[in-house]
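Engineer: Okay, predicted coordinates and the sequence, questions at the end:
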Amino acid sequence: MATVTYINSFEVPPGRDEDFLALWTEVNAYMRKQPGYLSHRLHRSLGSDARYRYVNVVQWESVDRWQDAHGEEFRAIVTRPGQHVFASLPGMYEVVNDGQAA
């Protein structure tokens with residue numbers, strides 16, 4: 001079975017990086033313990049005017065494993081009272097072409 005890639009792009013207003021990174025770090029610590037989690041890379045835009053300033057790229061064993069990781073415990077983390085919600089554009093992807101430098 002081929003792995004899947006979950007890509008989530010986040011809108012983080014200027015001055016809210018600390019809040020975003022604190023929440024992302026907490027969610028990431030939870031996700032890394034879940035069955036099927038393989039790896040992640042969090043990217044930050046080099047341009048200050050980018051709409052999506054952070055992009056999270058995560059490898060999972062399967063869509064089912066990813067879905068299983070988003071249960072009650074996950075929802076409790078991201079929906080706590082007073083928790084700032086950062087707009088995002090998530091999606092699940094599969095590799096259709098993989099290459100390296102010649």
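Structural biologist: Perfect, thanks for sending it. Numbering: from 1, shown residues only.

Engineer: from here on, contacts and neighbour counts on C-alpha atoms
Structural biologist: Noted.

Engineer: On the three-state scheme, the residue nearest the centre of the chain is what?
Structural biologist: Centroid check for the chain by CA atoms, centre = their mean gives residue 56 as the closest residue, at 4.1 Å. State at residue 56, reduced to three classes by DSSP: H, G, I helix; E, B strand; the rest coil: strand.

Engineer: now it: how far from residue 4?
Structural biologist: Going from residue 56 to residue 4 by CA to CA, to the nearest Å gives 14 Å.

Engineer: now residue 88
Structural biologist: 19 Å.

Engineer: what does residue 40 give?
Structural biologist: 12 Å.

Engineer: what's the overlap in contacts for these two?
Structural biologist: Common neighbours of residue 40 and residue 4 are listed as residue 59 (criterion: CA atoms under 8 Å, 6 or more residues apart in numbering).

Engineer: lowest-confidence helix or strand of this protein?
Structural biologist: helix 72-78 (a mean of 89; mean pLDDT, DSSP states H and E).

Engineer: List of residues touching it?
Structural biologist: With contacts defined as CA under 8 Å, 6+ apart, helix 72-78 is touched by 23, 26-27, 30, 85.

Engineer: Many thanks, have a good one.
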